[in-house]
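Chemist: sequence first, then the predicted structure, then my questions.
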Amino acid sequence: MTINSFVKTQGLGNEYIVLDENNITFPLTEKAIQTICNVNFGIGSDGILVKTHSKKADIGLKIFNPDGSEAEKSGNGLRIFCKYVFDYKILCKKQFTVETKGGIVNATIQETHNNRASIVTVDMGKAIFSSPLIPTLFECQEVQDQNIQIEDKNFQVNCVSLGNPHCVILKENLDVDEIKKYGPLIENYSKFPNRINVQFAKIIDRKNVEILIWERGAGFTLASGSSSCAVASVLRKKGLIDHLVTIHMLGGYLTIEISEEFNIRMTGEVKQICDGTFHEELINSFV
Ligand SMILES: N[C@@H](CCC[C@H](N)C(=O)O)C(=O)O
């Protein structure tokens, strides 16, 4: 990769721009991230992934939301980053560890279908249900079926952390307009000090769940890996699904495996969209 070059890749319609911290000449400020992720003034993306050095793992990853905030974890982001690391021969092996702000994960490149897609598995770590660790300000030890009032509506929320915080709401019917209206209000609800990712989930059967997502710092997205893991963890804890489940989203599906100890393994597709170089005129609009 050359100076100021980028790769853009999507996982089920959740798209990320991948950068190497050694190759960028400009400071990655909040304004730079917001501009690059903007589809009208920049490249357009659901976030930015930055390759960094790690002393504890094979490689390091920083994850930024399009509003400029830093996320601890991202499921699609991790699969996308692992494909990049493998395809661009940054690490010449199919199994490696990645350090994120939300912990170290193990990743495996399963298949690379000749110029079609890659299938990547990531061990996302252990689902954490302890309220203060998520963090939430609910006084109970674990946040299960807690009622919250948002304007005219009452929601029963279940919270979990996969390194990043999630709020899962079970629904009988999924409504895109509803999550677009209430998602940002739940994201910023007073009991979520670090804000939160929001999922509406509809159980199809014990092996299939359909979800809609409102992402912290990004908004409505077509898919989210950590959200899929969050929904699977919460529903498994309630005994409503099997240990192996397919999470269906608007952009595609992910397979999630939940161990007895709530270690979560996620497998799904990723496809590169393009690569390129930031134009001077774009860089000058945020430096
Ligand atoms: N799209 C991601 C989640 C990205 C981070 C999230 N918005 C946060 O702030 O925690 C995924 O696939 O997990």
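Modeler: The structure has been received and is ready for your questions. Since the model is a prediction, treat every value here as computed from it, not as a measurement.
Chemist: could you list the low-pLDDT ranges of the stretch 1-150 of the chain?
Modeler: For the stretch 1-150 of the chain, no stretch has pLDDT under 70.
Chemist: for the ligand, what are the nearby residues on it?
Modeler: When proximity is defined as CB under 6 Å from any ligand atom, the stretch 1-150 of the chain approaches the ligand at 14, 47, 65, 71, 74-77. Quick note: C-beta positions are derived from backbone N, CA and C, even for glycine.
Chemist: among those, which one lies nearest to I241?
Modeler: G75 (17.5 Å; CB to CB).
Chemist: just to check, the closest one is in contact with M124?
Modeler: Yes - using CB atoms under 8 Å, G75 is in contact with M124, at 6.3 Å.
Chemist: now do the shared contacts for the two.
Modeler: Common contacts of G75 and M124 (CB atoms under 8 Å, 6 or more residues apart in numbering): 162, 225-226, 229, 266.
Chemist: contacts for whichever strand or helix holds F200 next, please.
Modeler: Counting by DSSP states H and E, the element that carries F200 is strand 197-205. For strand 197-205, contacts defined as CB under 8 Å, 6+ apart pick out 164-175, 178-179, 182-183, 186-187, 209-216, 224, 226-227, 230-231, 234-235, 240-241, 248.
Chemist: same deal with stretch 123-137?
Modeler: The contact list for stretch 123-137 (CB under 8 Å, 6+ apart) reads 73, 75, 78, 102-103, 105-107, 138-144, 159-163, 165, 190-194, 196, 225-226, 229-230, 233, 237, 258, 261-266.
Chemist: show the backbone phi and psi for G125.
Modeler: Dihedral angles of G125 (phi, psi; degrees, to the nearest 10) stand at phi 100, psi -170.
Chemist: and if you look at S233?
Modeler: Backbone torsions of S233, given as degrees, to the nearest 10, read phi -60, psi -50.
Chemist: contacts only, for it.
Modeler: Contacts of S233 were listed using CB under 8 Å, 6+ apart, and they are 127, 129, 160, 162, 258, 262, 264.
Chemist: what's the closest of the residues you listed to F278?
Modeler: Nearest to F278 among the contacts of S233: L162, at 31.2 Å, using CB to CB.
Chemist: let me know whether the closest one touches V231 as I believe.
Modeler: No - using CB under 8 Å, L162 is not in contact with V231; the gap is 10.5 Å.
Chemist: the strand or helix carrying I169 to strand 197-205, inter-axis angle?
Modeler: I169 belongs to strand 165-170 when assigned by DSSP H and E. Counting by axes from the mean of the first three to the mean of the last three CA atoms, to 10 degrees, strand 165-170 lies at 40 degrees to strand 197-205.
Chemist: quick revisit: quick one: which two of the residues of the stretch 1-150 of the chain next to the ligand are the most distant?
Modeler: Across those (CB to CB), the longest gap, 13.9 Å, separates N65 and G75.
Chemist: quick one: which of the two has more around it?
Modeler: Taking other CB atoms under 10 Å, N65 and G75 do not tie; G75 has more neighbours (29 against 22).
Chemist: give the contact list for the more buried one.
Modeler: 11, 122, 124, 162, 224-229, 254, 266.
Chemist: residue contacts, F86?
Modeler: So F86 contacts 94, 109, 112, 118 (CB under 8 Å, 6+ apart).
Chemist: residues contacting stretch 46-65, please?
Modeler: With contact meaning CB under 8 Å, 6+ apart, stretch 46-65 is reached by 14-22, 28, 33, 36-37, 66, 70-74, 77-78, 80-81, 84-85, 90-91, 96-101, 104, 215-218, 221.
Chemist: quick one: the strands in the stretch 51-200 of the chain?
Modeler: 59-64, 70-71, 95-100, 103-113, 117-126, 146-150, 153-161, 165-170, 197-205 (DSSP state E, counting those that start in this stretch).
Chemist: okay, these in TSV with distance to L282 and mean neighbour count next?
Modeler: Below are those laid out as TSV (distance: least, CB to CB, whole Å; neighbours: other CB atoms under 10 Å):
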stretch	distance to L282	mean neighbour count
strand 59-64	17	22
strand 70-71	22	19
strand 95-100	27	19
strand 103-113	31	17
strand 117-126	28	21
strand 146-150	38	14
strand 153-161	35	20
strand 165-170	32	26
strand 197-205	29	21
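Chemist: closest to V270 out of the ones you listed?
Modeler: strand 117-126 (5.2 Å).
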